[in-house]
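> Need a 3D model of the following:
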Amino acid sequence: MDSTDWIKVKPEVIKTDGVLTYRLQSTAGGFECSVSALRWVCDNNVSFQYQFGSWDRHMERLAAYRPAGPLLDIKVISGKLREVYLPHWICLDHSPDVSESFAVLHVHSDGVSVERGSEVTQCHIKLFETDFSPRGVLMKIGIKVKMRCNVLIYKTNNKHVKLHVYLIPRDAAVLQAMEQMEKDDGYRRIKKPNPNKCFQMQDYFILTTDMATAEIIPRVTPVSPVSVPRIGMRRLTDLDRACATWQLQAGVPAETVDVFKRRLKTHLFNLAFI
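Prediction:
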């Protein structure tokens, strides 16, 4: 199916003991979840639900792979899914030869296994089977790839504005984790357009601002699919003056760190995924 042929469906969101469940139902056809980008094809009415899982507990057994999409725990309530496509955030436009490096994690009662998908598309991997347990897309470690990213900006409502800026993979599970963490800390999201370009994994990025009184404070945390690099940018001005522009630039060689610190008063962080 062409990307324009998929009908987007908004899921019903159910929160139980702090855990979000996304419930979907459809008639026959090809559909895409508006939250996770999960796609499915069915011949008759179907109803199912999913939750985002955590990669952390499985990473020790996946030494040769790293996550390349959300881990989804799918459960069919009624009907049957004929085809299922798991989302990934690897940019194939820049790495057309990496299709053989994809795999799918299958979490089952006896442990985990790594399987092949039956088809790799620009944003998805088609599953061979549609019997469900937690599954997610993997990419072999050591393969140089670019990825589609989102930039998230969160702010406080205090007199002295404080921003948290994140560069994350285009992964709904990571976004959900960020939204909850920032909400718990009293921050709200400023919605801005996401980058159109893809970013190289293991590359360096710098955050700059044109406001002389803005202070950029690096805060780098261990990086994983649910623990992303974070830079807090505190603006030492009143709220009505906090309108400076800032840029995120890529491809900075490591040896230029000191130069950028002196000239731009910024700091570098490394975007990497375990």
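> Sketch out the low-pLDDT regions of this protein for me.
Confidence mapping of the chain against pLDDT under 70 gives the ranges 1-4, 94-96, 159, 202-274.
> Give me the domain ranges for it.
What automatic domain parsing lists as the domains of the chain is 3-140, 148-270.
> With mean neighbour count added, can I get those domains in CSV?
C-beta here means a position set from N, CA and C on the backbone, and glycine is covered the same way. As requested, the domains of the chain are arranged in CSV below (neighbours: other C-beta atoms under 10 Å):
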stretch, mean neighbour count
domain 3-140, 17
domain 148-270, 15
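> distance between the ends of stretch 53-71?
By C-alpha to C-alpha, to the nearest Å, the extent of stretch 53-71 from end to end equals 5 Å.
> if I pick Leu92, what's in contact with it?
98-99, 120, 122 (C-beta atoms under 8 Å, 6 or more residues apart in numbering).
> So which of these is the closest to Arg135?
The closest of the contacts of Leu92 to Arg135 turns out to be Val120 (C-beta to C-beta; 14.8 Å).
> Across the sheet, point out what pairs with the closest one.
Taking DSSP bridges, one finds Ile125 as the beta-bridge partners of Val120.
> all strands for the stretch 51-200 of the chain, in order.
Secondary structure of the stretch 51-200 of the chain (DSSP state E, counting those that start in this stretch): strands located at 65-67, 72-78, 83-87, 102-108, 111-115, 119-120, 124-126, 135-140, 146-147, 149-155, 162-169, 188-190, 199-200.
> Format those as CSV; extra columns: distance to Gln51.
Formatted as CSV, the strands of the stretch 51-200 of the chain follow (distance: least, C-beta to C-beta, whole Å):
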stretch, distance to Gln51
strand 65-67, 16
strand 72-78, 5
strand 83-87, 14
strand 102-108, 12
strand 111-115, 17
strand 119-120, 25
strand 124-126, 19
strand 135-140, 12
strand 146-147, 23
strand 149-155, 21
strand 162-169, 19
strand 188-190, 22
strand 199-200, 28
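> Tyr50: which of those is closest?
Per C-beta to C-beta, nearest to Tyr50 of the strands of the stretch 51-200 of the chain: strand 72-78, 4.5 Å.
> which residues touch the closest one?
Residues from elsewhere that reach strand 72-78 (C-beta under 8 Å, 6+ apart): 23, 36, 38, 45-53, 84, 86, 132-136.
> redo that, cut-off 7 Å
36, 38, 46-53, 86, 132, 134-136 (C-beta atoms under 7 Å, 6 or more residues apart in numbering).
> Hey, what's the angle from it to strand 83-87? Just curious.
Here the directions of strand 72-78 and strand 83-87 differ by 150 degrees (axes from the mean of the first three to the mean of the last three C-alpha atoms, to 10 degrees).
> what about strand 72-78, distance to the chain center?
21 Å (C-alpha atoms, centre = their mean, to the nearest Å).
> Just the CA atoms of it, as PDB, please.
Taking C-alpha atoms only, strand 72-78 is exported to PDB below (Å, rounded to 0.1, in the frame of the first residue of the first chain):
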ATOM      1  CA  LEU A  72       4.700  -2.400  21.600                       C
ATOM      2  CA  ASP A  73       2.700  -4.900  23.600                       C
ATOM      3  CA  ILE A  74      -0.300  -5.600  21.300                       C
ATOM      4  CA  LYS A  75      -3.400  -7.600  22.400                       C
ATOM      5  CA  VAL A  76      -6.300  -8.400  20.000                       C
ATOM      6  CA  ILE A  77      -9.700  -8.000  21.700                       C
ATOM      7  CA  SER A  78     -11.900  -9.200  18.800                       C
END
